[in-house]
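>>> Turn this into a structure:
(one chain, ligands or ions: 1)
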Amino acid sequence: MARDPGPLQPRAVQALRSHVRGQILLPGDAGYPLARRCWNASIDRSPAGIVRCEDAEDVTRALRIAAEYALPVTVRGGGHNVAGRAVADGALMVDLSRMRAVSVHADSRVAEVQGGALWHDVDVATARSGLATTGGLVSSTGVGGFTLGGGAGWLMRRFGLAIDNLRAASVVLADGRFVRASTDERPDLFWGLRGGGGGLGVVTGFEFALHPLRQVYAGVVVRPAEEAALVLRAFRDFTADAPDDFCGLLVLTHAPPLPFLDAAWHGRPVVITALCWSGEPSQAEAALAPLRRVGAPIADHVGPMPYVQWQHLQDMGAPAGRYHYWKTVSYRSLPDSAVDVLTDAARSLPTSLSEIHVQHLGGAVARAPAEETSFAQRDAGIFVNLIGVTQWPEEYPSMRERMRGLNEGLSRGALSRLLPNFTDDDDGRVPDQLGPERAERLQALRRRYDPDGRFVSV
Ligand SMILES: Cc1cc2nc3c(=O)[nH]c(=O)nc-3n(C[C@H](O)[C@H](O)[C@H](O)COP(=O)(O)OP(=O)(O)OC[C@H]3O[C@@H](n4cnc5c(N)ncnc54)[C@H](O)[C@@H]3O)c2cc1C
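Okay, the predicted model is just below:
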């Protein structure tokens, strides 16, 4: 059950209604119940009010009013954060869902992206010019939270994380001041925005570097879960020195009803290897062959396709409104103990919708200087995301316990820092997930840019 929010003072509501162009939603308004919800249905919080800003000026006005009336503030980008960091009981939610414009400057290969855009908006706009930048694996994910947490995607090993492509950010600070952050302007703030998870201001605009890319050679190979150990070891060996043009992901799951998969396999435990080759297409077959010929695949569906199409293929598997509980573990290299735990888990996932993702970093991610951004995982080679999912709230507690147990089982050899984009509510505040040095530096930045603690701690 949602808790009762503290009501906004009538004068604060009046100020918002008179100064902000966007819609104001309060408890009791028709649009409020939907607007307060996140992608993860297990987040059930009730903000005191929601301001659907139309532009950066609206954000400035909303934050000035929040400062005047001492209102705690959260920021909603795409609302995908599984810990629900976009919404807090009793706070004012600055909702950027109406700020999704993307302008592509093909000559300078730069995209200007409004703070509430989704990756779908960016991918479609940049594809028109045959350009792309590193975005999320599911295109309904918000650019905002994704980028502030680092931003890992299919192109990261070639072009770097989202933060490595970020050239500048336009930010409204807690007191309503509008500033720019880049390596030349407020470099301290720019450092904090690139990996620190947010909480330093409202980013109303991101500027990303773009790269020429129309086609990828991509697809999936499906094998029975009994081959999980074989596939995990092959993936570990292959990714240890894979070319930057390659990015792969293992998914331990129950087989979805893929049209190219024999129906007898639908719903049975499988391990799916998702492959994406973004380099020279003529080299793809040879480069991917070692991973495709492992074991006895039950389906192999890999070939050339537009990058923007590949970016949308996984969207259907990640609808909003299910109950999620996630854990994340990173390693320099996947230890044998983790292979054993994952092999067992592949045959008995906690629920029929739950998945385990094994992904690799390295390439351009590892080459970017660690101290230049607040992202804390440049040295990680592999990360494992435990994606607990159910449609039934009554199944949630047992699923969470199973996921916690698996997470515990995977702890041997794991790095102590976490990838904030995949952490849940019980993993603590983001700065503390990044190691003590980064946590201290981010706290100092928060004291500097948000001295009154206006932004609810993320
Ligand atoms: C289906 C799915 C797939 C995903 N795939 C990937 C993936 O491939 N790679 C990856 O790295 N992560 C991935 N993630 C994780 C995702 O990047 C994070 O959940 C991220 O926080 C989502 O950003 P959002 O804007 O949608 O979320 P929100 O919940 O809106 O925001 C998350 C946090 O960022 C802050 N924030 C958002 N926008 C702004 C802004 N403009 N200015 C200031 N603060 C802002 C919010 O206040 C909040 O603290 C995925 C998540 C889901 C649910």
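
>>> how about Met399, what does it touch?
Counting by Cβ atoms under 8 Å, 6 or more residues apart in numbering, Met399 touches 323, 325, 350-351, 354, 388-390. C-beta here means a position set from N, CA and C on the backbone, and glycine is covered the same way.

>>> got the residues of the protein near the ligand?
The chain has residues 38-39, 74-82, 85-86, 96, 115, 136-138, 141-142, 144-146, 148-153, 198, 202-203, 318, 421, 458 near the ligand, with proximity defined as Cβ under 6 Å from any ligand atom.

>>> Give the closest residue to Leu361 in space, chain neighbours not counted.
Ala380 (5.2 Å; Cβ to Cβ, 6 or more residues apart in numbering).

>>> That neighbour: neighbour count?
Neighbour count of Ala380, defined by other Cβ atoms under 10 Å: 21.

>>> So it is in contact with Ser416, correct?
No: assessed by Cβ atoms under 8 Å, Ala380 is found out of contact with Ser416, at 11.2 Å.

>>> Quick check: Lys327 vs the ligand, distance?
13 Å (Cβ to the nearest ligand atom, to the nearest Å).

>>> same deal with His312?
Distance of His312 to the ligand, given as Cβ to the nearest ligand atom: 13 Å.

>>> quick one: contacts for that residue?
His312 sits next to 120, 123, 139 when contact means Cβ under 8 Å, 6+ apart.

>>> one step back: sec struct for the residue nearest to Leu361, please.
On the three-state scheme (DSSP: H, G, I helix; E, B strand; the rest coil), Ala380 is labelled coil.

>>> From Arg404, how far off is it?
The gap separating Ala380 from Arg404 is 21 Å, by Cβ to Cβ, to the nearest Å.

>>> Distance across stretch 317-334, terminal residue to terminal residue?
End-to-end distance for stretch 317-334: 26 Å, by Cα to Cα, to the nearest Å.

>>> mind listing the strands in the stretch 201-350 of the chain by residue range?
Assigned by DSSP state E, counting those that start in this stretch, the stretch 201-350 of the chain shows strands spanning 202-209, 211-212, 215-224, 246-254, 269-277, 299-306, 323-331.

>>> As CSV, could you dump the C-alpha coordinates of the last one?
These are the backbone C-alpha positions of strand 323-331, laid out as CSV (Å, rounded to 0.1, in the frame of the first residue of the first chain):
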residue,chain,number,x,y,z
TYR,A,323,7.5,-6.7,-10.2
HIS,A,324,11.3,-6.6,-10.3
TYR,A,325,14.1,-7.3,-7.9
TRP,A,326,17.7,-6.9,-9.3
LYS,A,327,21.2,-7.6,-8.1
THR,A,328,24.5,-7.0,-9.8
VAL,A,329,28.0,-8.4,-9.4
SER,A,330,31.2,-7.5,-11.2
TYR,A,331,34.5,-9.4,-11.7
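
>>> gap between it and the chain center?
Distance of strand 323-331 from the chain centroid (Cα atoms, centre = their mean, to the nearest Å) equals 12 Å.

>>> what do you get for the shortest one?
Here the centre of strand 211-212 is set off from its chain's centre by 22 Å, with Cα atoms, centre = their mean.

>>> Please name every helix or strand in contact with that strand.
Other helices and strands packing on strand 211-212, by 3 or more Cβ pairs under 8 Å, 6 or more residues apart in numbering; DSSP states H and E, are strand 131-132.

>>> Now the residue in the stretch 351-458 of the chain that the ligand sits nearest to: closest residue in space that isn't a chain neighbour?
Scanning the stretch 351-458 of the chain for the residue nearest the ligand gives Asn421, at 3.7 Å (criterion: Cβ to the nearest ligand atom). Spatial nearest neighbour of Asn421, excluding adjacent residues (Cβ to Cβ, 6+ apart): Gly149 at 3.8 Å.

>>> do the same with Arg186
Nearest to Arg186 is Val179, by Cβ to Cβ, 6+ apart, at 6.0 Å.

>>> OK, contacts around the residue nearest the centre of the chain?
Nearest to the geometric centre of the chain sits Phe146, at 4.1 Å (Cα atoms, centre = their mean). Phe146 is in contact with 77-78, 80, 119, 135-136, 162, 421, counting by Cβ under 8 Å, 6+ apart.

>>> how close does it get to Ser139?
Following Cβ to Cβ, the distance that separates Phe146 from Ser139 is 11 Å.

>>> Which pLDDT does the model give Asp4?
What the model reports for Asp4 is a pLDDT of 45.

>>> what residues do Phe146 and Ser139 have in common as contacts?
Trp119.

>>> So what does Ser170 look like in phi/psi?
When read as degrees, to the nearest 10, the backbone of Ser170 gives phi -100, psi 130.

>>> right, and it touches Gly201 too?
No: Ser170 is beyond contact range of Gly201, at 9.6 Å (criterion: Cβ under 8 Å).

>>> Tell me which of the two has more neighbours.
For Ser170 and Gly201, the more surrounded residue by other Cβ under 10 Å is Gly201, and the numbers stand at 28 against 21.

>>> so Ser374 touches Leu434, yeah?
Yes: using Cβ under 8 Å, Ser374 is in contact with Leu434, at 6.5 Å.

>>> what residues do the two have in common as contacts?
195-196, 442.

>>> Now do Met316, the pLDDT please.
For Met316, pLDDT reads 86.

>>> Give me the distance between it and Ile382.
According to Cβ to Cβ, Met316 stands 26 Å off from Ile382.

>>> Okay, now the unreliable bits of the chain?
For the chain, applying pLDDT under 70 flags the ranges 1-6, 458.

>>> OK, contacts around the closest residue to the ligand within the stretch 251-400 of the chain?
Closest residue of the stretch 251-400 of the chain to the ligand, Cβ to the nearest ligand atom: Ala318 (3.7 Å). Taking Cβ under 8 Å, 6+ apart, we find Ala318 in contact with 138, 140.

>>> got it, and Arg17?
With Cβ under 8 Å, 6+ apart, Arg17 has these contacts: Ile24.

>>> quick one: buried residues of the helix or strand where it lies?
Remark: Arg17 resides in helix 10-19, with elements defined by DSSP states H and E. In terms of neighbour count (16 or more other Cβ atoms under 10 Å), helix 10-19 has its buried residues at 12-13, 15-16.
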